[in-house]
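Engineer: Please find the sequence and the predicted model below.
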Amino acid sequence: MIELSGITKHYEELEALNQVSLSVQKGSIYGLVGSNGAGKTTLLKLLAGILRPDAGDICIDSQPVYENIEIKNRLLLIPDYIYFFFNFSIQDMADFYAKIYPQWNQERFDKLQAVFNIDNKRRIQTLSKGMQRQVAFWLSLSAMPDYLILDEPLDGLDPVMRQKVKNLIIQDVADRDMTVIISSHNLRELEDICDCIGILHKGKMLMQRDLDDLKSDLHKIQVAFKDDLPAAWHNDIQAVYQEKRGRVTTLIVRGAREEIIRRIKAHNPAIIDVLPLTLEEIFIYEMGDNGYEIKNILY
Ligand SMILES: Nc1ncnc2c1ncn2[C@@H]1O[C@H](COP(=O)(O)OP(=O)(O)OP(=O)(O)O)[C@@H](O)[C@H]1O
């Protein structure tokens, strides 16, 4: 389990993170979303033990991360700028990883060649940016980390490779309880793989939520009545958001789905339709008064 509490980090005068706390359950995927300069990379570097916080605690499996070799043997960070040794081929890099990561799995490395389909004798510097990113995933997943930290990792991968990489990550989470924290500018990119999402803005955690709870708790419903909305409607149906266009009223309502539908049906609507809510909509409605601000962050 990953636990960060009250993390503050400055770069000289600049406050990059202010009192940030989060926890990631073992075997789950946490998505960190935020605009440019929000502090995502700083947070991930702190988590990987590359930077030291000015205040607060960072623990993995209840042990502090900074300068902790035992934890670092089981943790891998794919940064936004990937670094490989000059002139190294993929195989040279794999030999290097095999020496430093005790859980390195050669059989996995050999098997993943079929997924990435790049000749392992090629020098990494001669590969395209996207291919270098693929190599980073190939090596990292062969190192069998217990903790995988990914800084905007899907940028630069084509759509097919994105999906393949997402599937490999999900497979490792399911098969061997790998724990993942992944950052992105784009909530939609993370929607299908994360269990929990945190939104970072100007160094502060605006909100973090478990996705299953979120999706089961908030509902988008369209209703139409033959005439106007019934008089008792507003007392009975307390919507987070309500918009009327012509005869159709769109509602966002919090609570148990069946109970909400039962209460609406009691007013005899001509039409009632439950629509899927996107994660983006959920966050905007969840944030209430701050929804406008969050709309500008989640693009
Ligand atoms: N080495 C550094 N020295 C000084 N300031 C830094 C340094 N690294 C980051 N910062 C500042 O800290 C703040 C947070 O930066 P960070 O890279 O963590 O944000 P980010 O959310 O990853 O941004 P992006 O999405 O643009 O990559 C920014 O204001 C940035 O200018």
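Structural biologist: Looks like it came in fine.
Engineer: C-alpha only now, for contacts and for neighbours.
Structural biologist: Noted.
Engineer: in the stretch 101-250 of the chain, which spans are strands?
Structural biologist: Under the criterion DSSP state E, counting those that start in this stretch, strands of the stretch 101-250 of the chain are mapped to 147-151, 179-184, 196-201, 204-210, 218-224, 239-245, 248-254.
Engineer: Quick check: whichever residue of the stretch 101-250 of the chain sits closest to the ligand vs Gly39, distance?
Structural biologist: Here the stretch 101-250 of the chain gets closest to the ligand at one residue, His185, 6.4 Å apart by Cα to the nearest ligand atom. Going from His185 to Gly39 by Cα to Cα, to the nearest Å gives 12 Å.
Engineer: list the contacts for Ser184?
Structural biologist: 31-34, 151-153, 190 (Cα atoms under 8 Å, 6 or more residues apart in numbering).
Engineer: Show me the subset of the residues you listed that also lies near the ligand.
Structural biologist: Gly34 (Cα under 6 Å from any ligand atom).
Engineer: And the contacts of Ser184, which two are furthest apart?
Structural biologist: Distances among these were taken as Cα to Cα; the most separated pair is Gly34 and Pro153, at 14.3 Å.
Engineer: Looking at those two, which has the bigger crowd around it?
Structural biologist: Each of Gly34 and Pro153 has its neighbours counted (other Cα atoms under 10 Å); Gly34 has more, 27 against 23.
Engineer: okay but that one is in contact with Lys40, surely?
Structural biologist: Yes: judged on Cα atoms under 8 Å, Gly34 makes contact with Lys40 at a distance of 7.0 Å.
Engineer: Roughly how far does Thr193 sit from Gln113?
Structural biologist: I think there's a mix-up here, since residue 193 is Ile and not Thr. The spacing between Ile193 and Gln113, counted by Cα to Cα, is 24 Å.
Engineer: meant to ask about Asn18
Structural biologist: 42 Å.
Engineer: Tell me which of the two has more neighbours.
Structural biologist: Ranked by neighbour count (other Cα under 10 Å), Asn18 and Gln113 place Asn18 first, with 19 against 14.
Engineer: Gly39 is in contact with that one, correct?
Structural biologist: No: with contact defined as Cα under 8 Å, Asn18 does not reach Gly39; the gap is 9.5 Å.
Engineer: now the strands of the stretch 101-250 of the chain as a markdown table including mean pLDDT?
Structural biologist: Shown next, in a markdown table, are those (pLDDT from 0 to 100):
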| stretch | mean pLDDT |
| --- | --- |
| strand 147-151 | 96 |
| strand 179-184 | 94 |
| strand 196-201 | 89 |
| strand 204-210 | 87 |
| strand 218-224 | 90 |
| strand 239-245 | 84 |
| strand 248-254 | 88 |
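Engineer: near the ligand, which residues of the stretch 1-150 of the chain show up?
Structural biologist: Residues of the stretch 1-150 of the chain lying near the ligand (Cα under 6 Å from any ligand atom): 11, 16, 34-42.
Engineer: which one of those residues is nearest Arg108?
Structural biologist: Once Cα to Cα is applied, the member of these that ends up nearest Arg108 is Thr41, at 28.6 Å.
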